[in-house]
Each structure stands twice: as C-alpha cells, then as structure tokens.
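S.K.: prediction below, plus the sequence it came from.
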Amino acid sequence: MAKDYRRSFKMYPAWNYEEEIKDLNAASEKGWQLVWGGCFNSKFVNNPYIRYRYQMDYRKIDDMGRYIETFREQGWEYINSTFNGWHYFRKLYDPSLPEDAYEIFTDSESIKEMNRRWAHLALAIAVMLALFALISSARLFYRPTLPAVIQTLTFVIESAVLLRGVFIMRNPLSSRGRRGDSAIITVFLAVIILSAVSSIALSQLRPSLWTNQQTDSIDEPIIDNRWVDFQVSYPDNYYLDLDIDASAPLTFAVVDEAGESMYSVTETSFHEQGIRMKLPRGTYSFSMSCESGFKLSCKID
C-alpha cells in the first residue's frame, strides 16, 4: 500500500533557493504535493491527480493577511512560512500557459530586492561571526588550546560560508543554480554541529581546580608532599596560576604518576599566571617541599 505522506530532510542554502523550487516542481510531477515547507523538514502528500508550480519569497511581514491576499489575487495559494522568513506558495499547473506565468515576481528588480533582503541579514551575521573569530584568535594567540582552535575554525568557516552566500545573492541569477550546494550545506552543518559538540566536550574534560596551603610554621621539613591529583584526558596545553609567599625557599612542582617533574619552581616569593605546560594524557599531582612557614595558592585549567 502506497504511503499518503512522506517527509524530506534535504537542506538547501538560502542563496540557492531555486534548487528547492525545482525539486518541489519535480516532486509535484511525480504526485507528491508540498503541504509544509521547512528549512530542514518538508512534508508532502501523495496526490497524482493534480500538479503545481511552486515559488518562494523571503521577507519580514507586518500584515500577514494582506500579504497572503496580494498573492492570492495573482493566483498563488499560500502554503506556510518558516521561522526565518521564507514563505511558500503554489499555483495549479496549466501546460497551456508559458513558464513565466509561474514567476512570483514579474520583474527582475523585485527578485533583486528579495535577494538583497537576505544578503543584508546574512552579511550582518557573517560580520558578527568574523568578529567572534577575531576575538577567539586573539585568545588563541595568548592561550592556545585544542577547544579554542576548534572554536576559532568554526567561526571562520561559518563566516566564510555566509559571505559566499552573500556574494552569490548579489550576483546575477545565472551565477547560482549550483545543485551541489545542498550536499555542501549538509556537510557544513554536520561539521558545525560536530565542532560545537567536540569543543564543549573537550572543554568539560579539561581539569579545572584551585587549591591553597598555608601555615605559619612547621615542625619538620616537608619533602615532596603531593596533596592533590588531577586528570588530563587528552594531550594539550594547560595553564597554571601560582602564588608563593614563604619565609624560606619553597619548591612547587607538577609531577606525573612516576614522579617526573613537568614543571618546577623554587622561590620565597613567586606570583605568575598562565604558566603554559604541555601535558600528555595521564594523572598528575601538585608537589611541595619546604622548611618553614608558607602561603601557597595554585590553579590549573
């Protein structure tokens, strides 16, 4: 038994919306009529006895009723609108009519205006993402970490793809019609999602702890006292904030499970932030050796 409904999860870039229109027209010829258009999810009903031509418009609507009525007067049936401002229309197909009878806009200036509306919004978002990329790059320059690298690259890719769309929208219509863009945008969105998830996951896996020790005097020397452990889940740069105030030289170290020092300093007074340590995966400890009273504070992330 044939299904009455089906869904399509094909994604289309906004700058290549003609491809979606062509696919909707082709589906109609095969008996599948659009009843709900969406950015990532469209619904079709099976009706082989009619045939439609579809069109799309992009704009912000203040008076939706008047907007729909304007197109209805031109023979267009309103289907639905998406959250991001795209509107779907259809018209019964009459093979005796010329193809230009199924253009939703009757002049090239109207098409250009629709393209400009989307391009202005996309450009604003692309500039914002480029700014985020710049800020992230600056942070990456001073404190390079794997999550920061992924985040920066994600911002750069997002901005570049949107700028490409703006460029295409501002060019003549003949510069579009790239059918491969649907596959590209699917891969692009998958990469963005994976990048965001991996960046968040890697950030959550990073050690983040703060501890301090303080005493006015000690009865006997402290030798290699390991008082806190932390886990490094993946190789990367990790950063230590360290403050030492002691009446005699104090040795602070970050050591691995074998006791090998990954970082060490011996001072009576030491205050430094963002000490970079390149640590492989493993378990590490803070170690301290001293002979008199001290105040010690350390943080790693």
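M.R.: Yes, it's here. Numbering: from 1, shown residues only.
S.K.: and the strands in the stretch 151-300 of the chain, which stretches?
M.R.: Using DSSP state E, counting those that start in this stretch, the strands of the stretch 151-300 of the chain run over residues 209-215, 222-232, 236-256, 261-279, 282-290, 294-300.
S.K.: of those strands, which is nearest Y78?
M.R.: With distances scored as C-beta to C-beta, the stretch of the strands of the stretch 151-300 of the chain nearest to Y78 is strand 236-256 (53.2 Å). Every C-beta, even on glycine, is put in place using the N, C-alpha and C of the backbone.
S.K.: what helix or strand is the residue lying closest to E77 once chain neighbours are set aside on?
M.R.: The shortest distance from E77 to any residue other than its chain neighbours is 5.2 Å, reached at R90 (C-beta to C-beta, 6 or more residues apart in numbering). Following DSSP states H and E, one finds R90 within strand 86-92.
S.K.: who does whichever helix or strand comes after that strand touch, helix- and strand-wise?
M.R.: Once the chain leaves strand 86-92, the next helix or strand it forms, by DSSP H and E, is helix 108-142. Using 3 or more C-beta pairs under 8 Å, 6 or more residues apart in numbering; DSSP states H and E, the elements in contact with helix 108-142 are strand 52-58, helix 146-169.
S.K.: quick check: mean pLDDT across stretch 255-269?
M.R.: Confidence for stretch 255-269, expressed as mean pLDDT, is 95.
S.K.: number of nearby residues for A201?
M.R.: By other C-beta atoms under 10 Å, the residues close to A201 number 11.
S.K.: OK, contacts around it?
M.R.: If you count contacts by C-beta atoms under 8 Å, 6 or more residues apart in numbering, A201 has none.
S.K.: what of F230?
M.R.: P207, L209, T283, Y284, S285, I300.
S.K.: equivalent analysis for L189, please.
M.R.: Contacts for L189 (C-beta under 8 Å, 6+ apart) come out as M11.
S.K.: make 50 the first number, not 1, from now on.
M.R.: In the new numbering, first residue 50, that becomes L238.
S.K.: and the pLDDT at it?
M.R.: We have a pLDDT of 81 for L238.
S.K.: H169 now?
M.R.: 88.
S.K.: do G226 as well
M.R.: At G226, pLDDT is 48.
S.K.: same question, M50
M.R.: According to the prediction, M50 has pLDDT 41.
S.K.: any idea how far T260 is from the residue positioned nearest the centre of the chain?
M.R.: Most central in the chain under C-alpha atoms, centre = their mean is I241, positioned 4.6 Å from the mean C-alpha point. Noted for I241: a distance of 37 Å to T260, by C-beta to C-beta, to the nearest Å.
S.K.: skipping adjacent residues, who's closest to A76 in space?
M.R.: Using C-beta to C-beta, 6+ apart, the closest residue to A76 is F93 (6.2 Å).
S.K.: verify the stated contact: that neighbour with K59.
M.R.: No: counting by C-beta atoms under 8 Å, K59 is not a contact partner of F93; they are 11.7 Å apart.
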